[in-house]
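Enquirer: what follows is a predicted structure for the sequence shown.
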Amino acid sequence: MSESNGLSVTGISTVTVAPDTATVELGVSVLAPSAAEAAAQATEAANSLSAALAANGVDQADIRTSRYSLAAEYEWTDQGRRDLGYRALNSVHARIRDLSSVGAVIDAAVAAAGDAATVNSLDFSVSDRSAALTRARAAAWEDVRARADHLAELSGVTLGRPIEIVEEEGGPMPPTPKMLRMEAASATPVEPGTLEVTTTIRARFRID
């Protein structure tokens, strides 16, 4: 039979892993009468926030500015446009490698920035997912072979060598982290949950 034909199957495997890294986007938002005031106040609050991150174990190399903006802010009323002042935003991505400290780090940064503080997002990841992907790939290939062998048996043909193999990665898929504010004396609890690393293998086998 020509190798342009054959038996095509798809195998899928998902491996569950525990995250080891958290990335939080937090920053400051300041509204002031003038652009200069807004920029100055935002800079002061952002510097305090960054200092708190460093003081709580976040390496400087793991802190990256993700957004900065300064613009006039206004609202529309029945009387027309009303100028509110100038809004300065300054946000950073902070990578936290000790998951047990995530809540305390967030709390320290928020306390340092005061009322200007914002917490925009929190995500979890695996710093090295190669081992999980290797396990998922092996299991997906076992699934491919089992499906191909079964289909060949059902159809009464002899399964030959694979003539095409394609892998499609589809992970990791993070859960939605749960964050709850507790008493002021306690750190914000954060539950990292687990991540799923998924791979799909599509293969076409020669049949004889």
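Expert: That came through, no problem.

Enquirer: give me the number of residues near residue 74?
Expert: Counted with other CB atoms under 10 Å, the neighbours of residue 74 add up to 13. (C-beta placed from N, C-alpha, C; glycine too.)

Enquirer: just checking, it is part of a strand?
Expert: Yes: read with DSSP: H, G, I helix; E, B strand; the rest coil, residue 74 is one of the residues of a strand.

Enquirer: OK, contacts around it?
Expert: 81, 82, 83, 84 (CB atoms under 8 Å, 6 or more residues apart in numbering).

Enquirer: in strands, which of those appear?
Expert: Secondary structure defined by DSSP state E assigns 81, 82, 83, 84 of these to strands.

Enquirer: residues near residue 130, how many?
Expert: Neighbour count for residue 130, taken as other CB under 10 Å: 9.

Enquirer: what are the ranges of the strands in the chain?
Expert: For the chain, the strands defined by DSSP E occupy 7-17, 21-32, 63-77, 80-96, 117-125, 159-169, 178-179, 190-191, 195-207.

Enquirer: can the ones you listed go into TSV with extra columns for distance to residue 51 and mean pLDDT?
Expert: Below are these laid out as TSV (distance: least, CB to CB, whole Å; pLDDT from 0 to 100):
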stretch	distance to residue 51	mean pLDDT
strand 7-17	33	93
strand 21-32	13	95
strand 63-77	10	93
strand 80-96	12	93
strand 117-125	13	93
strand 159-169	39	92
strand 178-179	23	41
strand 190-191	22	83
strand 195-207	31	93
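
Enquirer: looking at these, which is closest to residue 147?
Expert: Proximity to residue 147 (CB to CB) singles out strand 7-17 among those, at 4.4 Å.

Enquirer: show me what that closest one is packed up against.
Expert: Applying 3 or more CB pairs under 8 Å, 6 or more residues apart in numbering; DSSP states H and E, we find strand 7-17 packed against helix 130-155, strand 195-207.

Enquirer: as CSV, the ones you listed with distance to residue 69 would be great.
Expert: As requested, the helices and strands packed on strand 7-17 are exported to CSV (distance: least, CB to CB, whole Å):
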stretch, distance to residue 69
helix 130-155, 38
strand 195-207, 32
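
Enquirer: nearest to residue 33, out of these?
Expert: Here strand 195-207 is closest among these (CB to CB), at 45.9 Å.

Enquirer: what's the closest one packed up against?
Expert: If you count contacts as 3+ CB pairs under 8 Å, 6+ apart, strand 195-207 packs onto strand 7-17, helix 130-155, strand 159-169.

Enquirer: so can I have TSV of those showing distance to residue 117?
Expert: Listed next are those as TSV, based on distance: least, CB to CB, whole Å:
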stretch	distance to residue 117
strand 7-17	32
helix 130-155	35
strand 159-169	36
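
Enquirer: return the most buried member of the ones you listed.
Expert: Mean neighbours per residue, mean count of other CB atoms under 10 Å, is largest over the helices and strands packed on strand 195-207 for strand 7-17, with a mean of 18.
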